[in-house]
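>>> just the structure for this:
(chains A and B)
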Protein chains: 2
Amino acid sequence: MQRTQAPIGVFDSGVGGLTVVRALRAQLPGEEVFYLGDTARVPYGSKSPETVARYSLACARFLLKYRVKLLMVACNTASAHALPVLRNAFEVPVLGAVEPGARAAAGVTQAGHVGVIGTLGTIRSRAYEEALKRLNPSISVTGQACPLLVPLAEEGWTDDEITLAVARRYLRELAAKDPAIDTLVLGCTHYPLLSSMLQVAARDAFGRSVTLVDSATAMAHAARDVLVSRGEIQVESLGERSMGGQLRCFVSDASRLGELASRFLGESVGDFEQVDL
Amino acid sequence: MQRTQAPIGVFDSGVGGLTVVRALRAQLPGEEVFYLGDTARVPYGSKSPETVARYSLACARFLLKYRVKLLMVACNTASAHALPVLRNAFEVPVLGAVEPGARAAAGVTQAGHVGVIGTLGTIRSRAYEEALKRLNPSISVTGQACPLLVPLAEEGWTDDEITLAVARRYLRELAAKDPAIDTLVLGCTHYPLLSSMLQVAARDAFGRSVTLVDSATAMAHAARDVLVSRGEIQVESLGERSMGGQLRCFVSDASRLGELASRFLGESVGDFEQVDL
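Predicted coordinates for the structure are as follows:
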């Protein structure tokens, strides 16, 4: 049964995944999107794989009550630990954060040297490295944890000399490990907010321009591919950007959201609906 | 019944509270200290007061199994939300993070203008403001949230130009709100690691030196007062610093601890014992 009219469901451990919603709404303007941020239990990065899988199942079940036609896991940690569990548990197609980003990076690197930046948890999981190696075993992958970029993005210092200095320091460490990198994966939902800073910092660190691959945009492209292949895409998503599908945002804890969320989404968020998971 | 030989119990949402243990071991070198970091559920700052109280009760029950003679709540959020519950539930004396820091600040301010820096949650709770007002209603209290200082301290950038630039920016915002501040409360377990940076930044922001009040040291002084008043202090704690009481560290999740913990404690931590709460 085709479910063209059904919404797309996106969940994340917090509000960072709204960058994925932003990319979705740019790519697929006719789609209705239901977003769930598990803000009561953020961050997932420091929790055990079993706990992350359990929380992810709860998030997925919540969104499936709305009969979503596609489930998107914006959280990198949940993508690393819960995708097989989710794909086993549900019939709906499930799209993670890592595979689309890795696929995009494998497609654009000329040198075959890819850098990945992310949280400590994402870099330690080696999820991007494994995904890239599966796509092309000859690609060399080097990771760099950038723990300060999330709080800098959340503080709103996105066009700022301090953020630039921090990004420069991290990317110089990465360039020292592999100076041949020509493609940099932004392996964290928060990083699209810092992409112009990261572009400048990468040029400084590598002495030339580096292609940034934004996982959020890559996920939106992948979502389009899945929906087209299943014949479940809204016609408005294929045309001009005039139609705006509805967006509903749910959170498991409502504290300190308003100020943050619109920064990530790039548009004002309506009311958040608080839910128990 | 006096329980001089019993340990002191300290809990925190994470490893930051080890700065309190460090101050305790400097002030009370003869005391045995049992530390519990609820690293599986860190941070408490974004959770509801009810949840924080429930988690705090679990931490307290765990430490009380070891018959601690004094329970210290190093976490500012838990101090703000759980102290009355803990004091109702248990007979052991309970010491929070806020009251000792507020008392120390009230004692040293000459101008009667106190600044408080902390996480967003601590500043929003107004816990230090309320505690200072209870001590002396004429004191003017101004808070400044400094969300980036915790990740900077955890990154280990404690003697660093970027950290200095961040501290300067926050303290200039504080000075703009009240230029008459002469005393600054470090209202977060992580900040003692940054105290030399904060001293420099405060001098820049206020154009003169400002007295820093470290909650961790204030808590250690208060612990000493409580134990002396109850006749439960180890004799070694009153003499020279030659005797080292035992330190045991428990955590509810063991990932990424080793590198962090010794930074906060100022000595190498032995094995962490992982526990279920």
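
>>> how far away is the closest residue to A:Ser79 other than its chain neighbours from A:Leu265?
Spatial nearest neighbour of A:Ser79, chain neighbours left out: A:Gly96 (3.4 Å); criterion: Cβ to Cβ, 6 or more residues apart in numbering or on different chains. C-beta here means a position set from N, CA and C on the backbone, and glycine is covered the same way. Noted for A:Gly96: a distance of 21 Å to A:Leu265, by Cβ to Cβ, to the nearest Å.

>>> returning to that earlier point: what is the burial count for the residue nearest to A:Ser79?
A:Gly96 has 25 neighbouring residues, counting by other Cβ atoms under 10 Å in any protein chain shown.

>>> isn't it right up against A:His81?
No: here A:Gly96 does not reach A:His81: they are 10.1 Å apart, not a contact under Cβ atoms under 8 Å.

>>> let me know the secondary structure of whichever residue of chain A sits closest to chain B.
Residue of chain A nearest chain B, by Cβ to the nearest Cβ: A:Pro151 (4.6 Å). With DSSP: H, G, I helix; E, B strand; the rest coil as the basis, A:Pro151 sits in helix.

>>> which residues are in contact with it?
B:147-148, B:150-151 (Cβ atoms under 8 Å, 6 or more residues apart in numbering or on different chains).

>>> over to A:Ser79. Which of the three states is it?
A:Ser79 - assigned by three-state DSSP - is helix.

>>> report pLDDT for it.
We note a pLDDT of 93 for A:Ser79 in this prediction.

>>> so what's the residue count around it?
A:Ser79: 30 neighbours (other Cβ under 10 Å).

>>> I'd say it and A:Val73 touch.
Yes: A:Ser79 is within contact range of A:Val73, at 4.9 Å (criterion: Cβ under 8 Å).

>>> enumerate the residues of the stretch 101-250 of chain A near chain B.
A:120, A:147-148, A:150-152, A:154-155, A:161-162, A:165-166, A:169 (Cβ under 8 Å from any Cβ of the partner chain).

>>> from the residues you listed, which would you call buried?
A:120, A:147-148, A:150-152, A:154-155, A:162, A:166, A:169 (16 or more other Cβ atoms under 10 Å in any protein chain shown).

>>> farthest-apart pair in these, please.
Across these, the longest distance by Cβ to Cβ is 20.4 Å; it joins A:Leu120 and A:Ile162.

>>> isn't A:Phe90 right up against A:Leu64?
Yes: using Cβ under 8 Å, A:Phe90 is in contact with A:Leu64, at 6.4 Å.

>>> what do these two both touch?
A:Leu71.

>>> what's the domain layout of chain A?
Using automatic domain parsing, the domain parsing of chain A gives A:8-96+A:217-274, A:99-215.

>>> would you map the helices across the stretch 101-250 of chain A?
Applying DSSP state H, counting those that start in this stretch to the stretch 101-250 of chain A gives helices spanning A:120-125, A:127-135, A:149-155, A:161-177, A:195-206, A:215-230, A:235-238.

>>> who wins for proximity to A:Thr142 among these?
helix A:161-177 (5.1 Å).

>>> by contact count, what packs against the closest one?
strand A:113-118, strand A:140-145, helix A:149-155, helix A:195-206, helix B:161-177 (3 or more Cβ pairs under 8 Å, 6 or more residues apart in numbering or on different chains; DSSP states H and E).

>>> rerun that using 6 Å as the cut-off
Using 3 or more Cβ pairs under 6 Å, 6 or more residues apart in numbering or on different chains; DSSP states H and E as the contact test, the elements touching helix A:161-177 are strand A:140-145, helix A:195-206, helix B:161-177.

>>> where does A:Pro29 sit: helix, strand or coil?
coil.

>>> and it, what pLDDT?
A:Pro29 is assigned 91 on the pLDDT scale.

>>> next one: A:Ser46
Per-residue pLDDT puts A:Ser46 at 72.

>>> surely it forms part of a strand?
No: using three-state DSSP, the assignment for A:Ser46 is coil, not a strand.

>>> count the residues that sit near it.
20.

>>> equivalent analysis for A:Gly112, please.
Quick note: A:Gly112 (other Cβ under 10 Å) scores 15 neighbours.

>>> list phi and psi for it.
When quoted as degrees, to the nearest 10, the phi and psi of A:Gly112 stand at phi 70, psi 20.

>>> verify the contact between it and A:Thr142 for me.
No: if you go by Cβ atoms under 6 Å, A:Gly112 and A:Thr142 don't touch, sitting 11.9 Å apart.

>>> re the thing from before, mind putting the buried ones among the residues of the stretch 101-250 of chain A next to chain B in CSV, pLDDT included?
As requested, these are exported to CSV (pLDDT from 0 to 100):
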residue, pLDDT
A:Leu120, 86
A:Pro147, 93
A:Leu148, 96
A:Val150, 92
A:Pro151, 92
A:Leu152, 95
A:Glu154, 89
A:Glu155, 91
A:Ile162, 97
A:Val166, 98
A:Arg169, 98
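
>>> among those residues, which one lies nearest to A:Pro137?
For these, the nearest to A:Pro137 is A:Leu120 (25.9 Å; Cβ to Cβ).

>>> the closest one contacts A:Gln144, correct?
No: between A:Leu120 and A:Gln144 there is no contact, the gap being 10.4 Å when judged by Cβ under 6 Å.

>>> residues near A:Thr51, how many?
15.

>>> check contacts around A:Gly112.
When contacts are counted by Cβ atoms under 6 Å, 6 or more residues apart in numbering or on different chains, A:Gly112 touches A:138-139.

>>> least confident of the domains of chain A, on average?
Across the domains of chain A, domain A:8-96+A:217-274 has the smallest mean pLDDT, namely a mean of 87.

>>> now A:Leu57: phi and psi?
Per degrees, to the nearest 10, the backbone of A:Leu57 is at phi -60, psi -40.

>>> count the residues that sit near it.
With other Cβ under 10 Å as criterion, A:Leu57 counts 16.

>>> count of neighbours near A:Leu135?
As a burial measure, A:Leu135 scores 14 neighbours (other Cβ under 10 Å).

>>> is it true that it touches A:Ala106?
Yes: using Cβ under 6 Å, A:Leu135 is in contact with A:Ala106, at 4.4 Å.

>>> dump the residue contacts of the closest residue in space to A:Leu265 that isn't next to it in sequence.
Leaving aside its chain neighbours, A:Leu265 sits nearest to A:Leu18 (4.2 Å; criterion: Cβ to Cβ, 6+ apart). Contacts for A:Leu18 (Cβ under 6 Å, 6+ apart) come out as A:261, A:264-265.

>>> A:Leu193 now?
If you count contacts by Cβ under 6 Å, 6+ apart, A:Leu193 has them with A:153, A:158.

>>> do the one 4 residues further on as well
Contacts were defined as Cβ under 6 Å, 6+ apart; by that measure A:Met197 touches A:163-164, A:167.
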